[in-house]
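A.B. asks: sequence-free structure coming up:
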């Protein structure tokens with residue numbers, strides 16, 4: 001059966017931004033103008049299509065990324081746009097991470113008053129990591145204090161990007177009525193009475209024509225407010241052409257010879273530069289006032305890549321022996337990445353997949369190369385937020401959802417069993433906060449286990465484990481709001497009643513100096529005994545960039561292993577989760593090959609409970625230097641225990657220290673309250689990073705330990721009469737001061753510091 005939509009007429013895009021910049025509002029307008037919905041949903045009324053969860057509608061924020069499909073006609077062709085609306089709150093950054101991993105392009109939305117905000121920076125860096133081309137939309141041009149030029153400056157300064165303003169707003173703040181389009185050389189003015197569905201295209205000359213302005217006083221007022229003159233327009237139009245020409249020799253030649261450059265040529269050139277991540281086209285509008293969305297959709301078609309414009313996906317042979325490439329084509333073997341799992345009360349497990357090559361039909365068997373299992377696709381769905389439309393096939397370059405997959409988790413590769421491939425997995429940040437949770441009744445106990453298991457499958461940044469000493473169930477996540485939503489969902493969706501403890505900080509442990517350790521496990525039990533013996537050298541890993549350790553390439557890891565082992569590294573492996581570099585330097589067979597892996601496993605297990613206060617240990621290099629074995633009594637279990645004993649022995653001598661999570665906090669307060677807010681942050685062990693004044697408001701950037709920030713939302717409101725606000729992001733782990741460290745260790749061990 002021929003394709004319904006050609007590859008070059010498909011766009012897979014994400015909408016990303018800081019919280020409250022207007023992502024969901026923009027997406028709702030896009031659905032209205034593309035005919036997917038007949039009524040505009042509003043965030044403040046709780047009537048949006050994309051924010052469909054009860055918790056999202058109550059709080060007016062996006063919690064989970066929702067996918068939908070829309071159509072848009074451009075140049076007489078109908079294009080399919082798969083859209084993912086992502087959350088802006090830092091606690092749900094995993095949703096942005098996994099969406100950007102599978103998308104071809106993104107629309108970054110910025111608040112015209114604030115410009116680039118902290119979470120805008122975070123999502124921008126995530127898009128850089130996955131090399132996703134972007135266009136920018138400066139939203140909320142109708143707000144008091146909106147400043148298009150300031151927003152462009154912050155994109156240039158804070159993000160290091162190269163923005164190309166394709167438009168300039170006509171009007172400022174409440175009299176914003178439209179935009180000047182530099183490429184098409186025209187003005188666009190929206191009609192309020194049609195909810196922005198219709199707009200008028202006006203020739204530029206009319207903006208300075210006295211007769212036209214006399215008939216349209218609102219246009220005259222807007223042109224005056226934005227300072228639009230013929231000279232201003234000419235200067236900025238030439239700048240835009242120059243920006244585009246700088247990255248295209250053919251256009252530059254014409255520009256220097258002062259030839260007329262057609263709009264189509266500029267568009268084609270800008271498309272190439274955008275896909276190559278050299279330039280970022282910038283548009284302006286106000287989603288809430290229904291202005292600017294149609295040109296944004298045109299720009300998505302004009303400048304963001306189709307699946308065939310991005311490089312073919314690369315993966316590994318499941319044995320890891322060779323790199324394989326899959327081109328975006330229906331004729332290639334099937335390969336897809338599962339990027340999101342959702343529990344649907346009506347159809348059960350729903351797995352969102354991005355198909356990179358081949359075709360998938362409902363009822364077909366697929367191979368999960370990550371878990372080495374075979375799965376059957378029950379049904380295929382095209383999702384519209386939480387509504388679904390059944391389809392028969394999904395083709396290369398498309399995004400859809402499958403029902404019927406049982407053992408799939410986020411990041412798994414689904415492929416053709418005869419031509420297997422494993423695509424690169426998705427890296428997720430480690431949780432920084434945890435709370436204890438216990439069921440209220442015996443009946444809730446079983447339900448709670450099932451509920452937490454399902455929620456953990458959906459969200460890779462949510463973890464659950466049982467504390468061996470207290471037998472408490474601990475749940476970990478990215479922030480207070482994240483865990484609050486998890487507990488709320490557990491109570492509503494799964495009917496589990498539970499008591500929740502106070503939030504706890506997820507500390508880490510590490511070592512600061514080199515030490516040697518030995519573990520000898522000997523057990524005689526009448527029959528066959530147990531014998532394992534390992535000698536190791538423990539070294540701290542360089543911590544300066546320890547939060548980027550998981551991004552090191554194989555070559556960088558090999559160099560690190562070489563430096564640590566002092567010469568040829570021997571065999572080494574790197575565990576991303578614990579940031580453990582294990583180097584095998586056994587010579588002469590003092591430990592047989594089959595017992596090396598169990599020693600590493602024993603070390604990894606020991607790292608999970610640390611040495612000081614039972615927290616996970618990170619940033620260690622272990623060199624296995626020697627050991628011995630017994631012909632009869634040695635076993636994998638004995639060497640696993642010996643490895644664990646050797647590691648603990650070395651840790652005690654290696655100056656173990658506690659690490660605490662440090663948060664990057666941006667506080668926005670009126671000038672009058674700045675002194676009291678800074679004094680409070682200093683009392684929380686805050687390290688000032690900088691201050692900026694913006695229109696009577698002070699923006700304070702500070703690094704603060706997470707342990708001191710619980711309940712800060714209430715504190716800042718009371719100190720600023722409700723006028724202050726803040727955003728908080730995880731920055732890095734840092735050594736905790738001795739007095740704090742001693743207190744935590746004492747509390748954990750129920751006695752003197754260091755007691756185990």
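C.D. replies: Noted; the coordinates are in hand. Every value quoted in this text rests on a predicted model; they were computed, and no experiment measured them. Residues are numbered from 1 along each chain as shown.

A.B. asks: Next, residue 301: secondary structure please.
C.D. replies: Recorded secondary structure, residue 301: helix (DSSP: H, G, I helix; E, B strand; the rest coil).

A.B. asks: OK, contacts around it?
C.D. replies: 11, 72, 74, 79, 81 (Cβ atoms under 8 Å, 6 or more residues apart in numbering). Bear in mind the C-beta positions are built from the backbone N, C-alpha and C, glycine included.

A.B. asks: Mind putting those into TSV with pLDDT and distance to residue 744?
C.D. replies: Output for these, formatted as TSV (pLDDT from 0 to 100; distance: Cβ to Cβ, whole Å):
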residue	pLDDT	distance to residue 744
11	92	50
72	89	55
74	89	59
79	92	56
81	90	50
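
A.B. asks: who wins for most neighbours among those residues?
C.D. replies: Each of those was scored for neighbours by other Cβ atoms under 10 Å, and residue 11 scores highest at 24 neighbours.

A.B. asks: Look at the nearest residue to that one once chain neighbours are set aside and tell me its secondary structure.
C.D. replies: Using Cβ to Cβ, 6 or more residues apart in numbering and skipping the chain neighbours, the partner closest in space to residue 11 is residue 81 (4.7 Å). At residue 81 the chain is in strand, as set by three-state DSSP.

A.B. asks: can you check residue 601 too?
C.D. replies: Secondary structure assignment for residue 601 (three-state DSSP): helix.

A.B. asks: Report the contact partners of it.
C.D. replies: 640, 643.

A.B. asks: again, 10 Å this time
C.D. replies: For residue 601, the contacting residues are 582, 636, 639-640, 643-644, by Cβ atoms under 10 Å, 6 or more residues apart in numbering.

A.B. asks: any idea how far it is from residue 628?
C.D. replies: Counting by Cβ to Cβ, to the nearest Å, the gap from residue 601 to residue 628 is 19 Å.

A.B. asks: now do residue 740
C.D. replies: Separation of residue 740 from residue 628 (Cβ to Cβ): 42 Å.

A.B. asks: who's more crowded, these two?
C.D. replies: Neighbours were counted for residue 740 and for residue 628 using other Cβ under 10 Å; residue 740 has more, 17 against 14.

A.B. asks: Would you confirm that that one contacts residue 657?
C.D. replies: No: shown here, residue 740 and residue 657 do not form a contact pair, counting by Cβ atoms under 10 Å, at 11.3 Å.

A.B. asks: returning to that earlier point: please identify the one among the contacts of residue 301 that lies nearest to residue 427.
C.D. replies: Distance to residue 427, by Cβ to Cβ, is smallest for residue 11 among the contacts of residue 301, at 25.6 Å.

A.B. asks: you'd agree that closest one is up against residue 84?
C.D. replies: No: with contacts counted by Cβ under 10 Å, residue 11 stays clear of residue 84, the gap being 11.6 Å.

A.B. asks: Are there residues contacting both of the two? Which ones?
C.D. replies: By Cβ under 10 Å, 6+ apart, the residues touching both residue 11 and residue 84 are residue 103.

A.B. asks: Three-state assignment for residue 726, please.
C.D. replies: strand.

A.B. asks: How much space separates it from residue 110?
C.D. replies: 19 Å.

A.B. asks: which of the two has more neighbours?
C.D. replies: residue 110 (26 against 20).

A.B. asks: List phi and psi for that one.
C.D. replies: phi -120, psi 150 (degrees, to the nearest 10).

A.B. asks: residues contacting it?
C.D. replies: Contacts of residue 110 (Cβ under 10 Å, 6+ apart): 17-18, 21-22, 116-117, 120, 136-140, 151-152, 154-155, 159, 282, 284.

A.B. asks: and it, what are its bridge partners?
C.D. replies: Beta bridges link residue 110 to residue 138 when assigned by DSSP bridges.

A.B. asks: What distance do you get for it to residue 134?
C.D. replies: Taking Cβ to Cβ, one finds residue 110 at 11 Å from residue 134.

A.B. asks: overlap in contacts of those two?
C.D. replies: In contact with both residue 110 and residue 134: residue 159, using Cβ under 10 Å, 6+ apart.

A.B. asks: Can you classify residue 685 by secondary structure?
C.D. replies: With three-state DSSP as the criterion, residue 685 reads coil.

A.B. asks: Name the nearest residue to it, ignoring sequence neighbours.
C.D. replies: Once flanking residues are discounted, residue 685 sits nearest to residue 705: 5.4 Å by Cβ to Cβ, 6+ apart.

A.B. asks: wait, isn't residue 126 in contact with residue 428?
C.D. replies: No: counting by Cβ under 10 Å, residue 126 sits too far from residue 428 to count as a contact (11.5 Å).

A.B. asks: mind listing what residue 114 touches?
C.D. replies: By Cβ under 10 Å, 6+ apart, the contact set of residue 114 is 18, 20-21, 120, 140, 143, 145-147, 150-151, 154, 668, 694, 697, 699.

A.B. asks: Show the buried residues in these.
C.D. replies: Buried members of those, counted by 16 or more other Cβ atoms under 10 Å: 18, 20-21, 120, 140, 143, 145-147, 150-151, 154, 668, 697, 699.
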